[in-house]
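>>> Predicted model, plus sequence, below.
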Amino acid sequence: MSEIKTRFAPSPTGDLHIGGLRTALYSYALAKSEGGKFVLRIEDTDKKREKEGSKDQIKSLLKLFGLDWDEYHVQSERVKTGIYREAARQLVKRGLAFYCQCPPKDPQKKGAVLEMRDPCRDKGLRSGAIKLKVPDSGNVSFFDFVLKKKISWNLKSVADTTLLKSDGFPTYHLAVVVDDHEMGITHVLRGHDWLPSTPVHLLVYKGLSYNLPEIGHLTDILDPNGGKLSKRKGSVSCQALLDDGYLPEALLNFVMLLGWAPKDNREFFSLDEFVKNFKKGDLQVSNPIFNREKLNWMNGEYIRRTDNLRLSRMIFDLFEGKYSLREIEVILPLVKERIKTLRDFESLSLFFFERPEIDFSLFGKNWQDHIKSSFVALKELKNWDLESINKVLLKSIEENHFKTGDFFMDLRIAITGKRVTPPINESLVLLGKDEVINRLDRLI
Ligand code: GLU
C-alpha cells in the first residue's frame, strides 16, 4: 500500500476549538502510526469569514501540542496557480458543471429556500460562477471508515452547488477535493458537520476522474448537559482552556480519549505513546462527552507529575508576573497536591499575600478558646520551624483537652479565611511569626 497521507484543513475563521484539535490529533496519529505524512492546509478561500490572527493561532497551538506538519499549504495562495479554475472548467467541458450569472444567494438569509436545481443549468452560458450540475436521478455513496458503514444520498436531495465564484475563488467544495487529490491525501478525516457536503465532493471526485480517498467523519462531542458541545455552553476554545490553567499535554491526553479508546482502557498517553497505540479501527462510533470533571482530574494528575521548576514558570506566565517566580517556587510545594488547574494556585495561596476577610460563621463553637491558646503557644515560640510549631500546638491541644480536628480547623480559618487550604502548619512557617501572631491577635 502506498504511504498514508492525512491532512488537517481548518478554515481560519476563529479560535481553534476542542473538536478541531481532536481532528488534527487523530489525523496526525493516523499518518504517523503508519510512518506516513501529515499536512496542514489552511482553507481560507472564504475571505469574508476569515478572522485576523486565526491562522497564526492555529499554527502556534498545533506546535504547542506537538502536532508538527510535514507540509504546509495555504489555499488562497494556491488560487493564483489557476488549479481550481482549471478543474472547474474541466467539469464544464465534461458537461458536469455550468456557468451561472445569478447574483449569489445568501443561504443564511431568512426565508431563503434551497433550490435543488439552478435555473442557469441548461442555459449554456459561457461566463460567470461555476456550479455543479447534479444528475437528476441516481445515488452517490461511500464507505465511512470511522462510522464503519456505507452512506448514500439520493441525488434528488443534492443541490447544484457553487464550485467557483465569479471572482475566481473556489468554494470549499471544489478546493477541498482538488487539494486532497493534488496533495495525495489517502485518508480524509473531519468532523461530522461536514457529512452533508460529502455527496457534492463525491460527484466532483467522479467528475474529475480522481481516485476517492478513504473518508471518515468523527462523531460530535457532546456537552454533559445535553446537545452538541458549543461555544455557548462554556469555553471549548483551546486557548481559553490553556488560559484557564490546563496543561497542554493534559488537554491533549483528554482529547485523545474523546472518540478513541484502546482495548485495555489505559488513560494516560504522551503524544508518542498515543501514536504508537493508535489504530483507526479503534475510533468510536458513539458520541464522546466533554466531561469537565474528568479533565480537571487528569490535569491535576499531570500537575503532580510535572517538575516544580516548569510548573512555577507556567504559573508565572499565566498570571503575567503578578507573583514573582521566587514566591511561586516557595508556595508551590504546599499547594501542588491540591490544585486541579494552574489558576487554582491563586485561590489556594491568596492568603499568603493578603490578610483574608474572616467569615465568622465558618468557625466551630470553641473557636475563641482555640485561637487564644494558639496565640499564647505561638507567641512564646523561639524557633519558627515546622517541628517546633507542631510540638507547641499539640501540647496546647493536650493540656486544654481540645479536639485536634476542630482546633486545627479554627486555626486554619483564622489564618487563611478558608476551610480548604494547603497544610496549615507548613503555611504558618511560610507566613512567618509576626504575620501569624498579628492574624490571631486581631481575632482575640
Ligand atoms: N475547512 C473545513 C473546516 O474548517 C475543513 C473540512 C474538511 O476537513 O474537509 O473544518
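Right, received. Where do you want to start?

>>> quick one, what contacts the residue of the stretch 51-200 of the chain found nearest the ligand?
Nearest residue of the stretch 51-200 of the chain to the ligand: Arg190, at 3.5 Å (CB to the nearest ligand atom). (C-beta placed from N, C-alpha, C; glycine too.) By CB atoms under 8 Å, 6 or more residues apart in numbering, Arg190 lies in contact with 9, 23, 216-218.

>>> Restrict those to those that also contact the ligand, please.
Counting by CB under 6 Å from any ligand atom, Ala9 from the contacts of Arg190 sit close to the ligand.

>>> just the contacts of Arg190 now: which is nearest the ligand?
Nearest member of the contacts of Arg190 to the ligand, counting by CB to the nearest ligand atom, is Ala9, at 4.2 Å.

>>> Count the residues that sit near Leu91.
22 (other CB atoms under 10 Å).

>>> Test my guess that it contacts Leu163.
Yes: with contacts counted by CB atoms under 8 Å, Leu91 reaches Leu163, the gap being 7.1 Å.

>>> so what sits against both of those two?
Residues touching both Leu91 and Leu163 (CB under 8 Å, 6+ apart) are 97, 130, 132, 204.

>>> Pull the most distant pair out of those residues.
Ile130 and Val204 (11.2 Å; CB to CB).

>>> Which of these two has more residues huddled nearby?
Applying other CB under 10 Å to Ile130 and Val204 shows that Ile130 carries more neighbours, namely 27 against 24.

>>> Surely the more buried one is in contact with Ala97?
Yes: Ile130 is within contact range of Ala97, at 5.3 Å (criterion: CB under 8 Å).

>>> Listing request: residues of this protein with sub-threshold pLDDT.
For the chain, the stretches with pLDDT under 70 are 1, 106-113, 231-235.

>>> intersection of neighbour lists for Ile130 and Val204?
Contacts common to Ile130 and Val204, judged by CB under 8 Å, 6+ apart, are 91, 163.

>>> Could you list the buried residues of the host helix or strand of Ala88?
Element membership for Ala88, per DSSP states H and E: helix 83-93. By neighbour count on 16 or more other CB atoms under 10 Å, the buried set for helix 83-93 is 83-85, 87-88, 91-92.

>>> swap in stretch 208-224?
Under 16+ other CB under 10 Å, the buried positions of stretch 208-224 are 208, 213-223.

>>> Among these, which lie within strands?
Within these, residues falling in strands by DSSP state E are 214-218.

>>> May I see those residues arranged in a markdown table, with distance to Ile185 as well?
A markdown table is the format used below for these (distance: CB to CB, whole Å):
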| residue | distance to Ile185 |
| --- | --- |
| Glu214 | 9 |
| Ile215 | 10 |
| Gly216 | 12 |
| His217 | 15 |
| Leu218 | 16 |
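
>>> Now the two most distant members of the residues you listed.
For these, and using CB to CB, no pair is farther apart than Glu214 and Leu218, which are 13.6 Å apart.

>>> what kind of secondary structure is the spatially most distant residue from the centre of the chain in?
Within the chain, the residue lying farthest from the chain centre (CA atoms, centre = their mean) is Glu399, at 55.4 Å. Secondary structure, DSSP: H, G, I helix; E, B strand; the rest coil: Glu399 is helix.

>>> now it: how far from the ligand?
70 Å (CB to the nearest ligand atom, to the nearest Å).

>>> element containing Ala31?
helix 18-32.

>>> so where do the strands sit in the stretch 51-200 of the chain?
For the stretch 51-200 of the chain, applying DSSP state E, counting those that start in this stretch gives strands covering 71-74, 97-100, 129-132, 139-144, 149-154, 162-164, 187-191.

>>> Would you mind listing the buried residues in the last one?
For strand 187-191, the neighbour count (16+ other CB under 10 Å) marks 187-190 as buried.

>>> follow-up on the earlier one: just the CA trace of the helix holding Ala88, in PDB.
The C-alpha trace of helix 83-93 is given here as PDB (Å, rounded to 0.1, in the frame of the first residue of the first chain):
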ATOM      1  CA  ILE A  83      -5.600  24.900 -10.500                       C
ATOM      2  CA  TYR A  84      -9.100  25.400  -9.100                       C
ATOM      3  CA  ARG A  85     -10.300  27.300 -12.100                       C
ATOM      4  CA  GLU A  86      -8.900  24.700 -14.400                       C
ATOM      5  CA  ALA A  87     -10.700  21.900 -12.500                       C
ATOM      6  CA  ALA A  88     -14.000  23.800 -12.600                       C
ATOM      7  CA  ARG A  89     -13.600  24.400 -16.400                       C
ATOM      8  CA  GLN A  90     -12.900  20.700 -16.900                       C
ATOM      9  CA  LEU A  91     -16.200  19.900 -15.200                       C
ATOM     10  CA  VAL A  92     -18.000  22.400 -17.500                       C
ATOM     11  CA  LYS A  93     -16.300  20.800 -20.500                       C
END
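
>>> by contact count, what packs against it?
Packing partners of helix 83-93 (3 or more CB pairs under 8 Å, 6 or more residues apart in numbering; DSSP states H and E): strand 97-100, strand 129-132, strand 162-164, helix 172-182, helix 198-207.

>>> what pairs with the residue of the stretch 51-200 of the chain closest to the ligand across the strands?
With beta bridges defined as DSSP bridges, Arg190 has these partners: His217.

>>> For the stretch 101-250 of the chain, what lies in contact range of the ligand?
Within the stretch 101-250 of the chain, the positions lying close to the ligand (CB under 6 Å from any ligand atom) are 172, 176, 190, 194.

>>> Quick one: end-to-end distance for stretch 236-247.
Start and end residues of stretch 236-247 are separated by 15 Å (CA to CA, to the nearest Å).

>>> For the remainder of this discussion, apply numbering that starts at 54.
I'll keep to 54 as the first residue from here, and by that count the last item is stretch 289-300.

>>> List the buried residues of that stretch.
By 16+ other CB under 10 Å, the buried positions in stretch 289-300 come out as 289-291, 294-295, 297-300.
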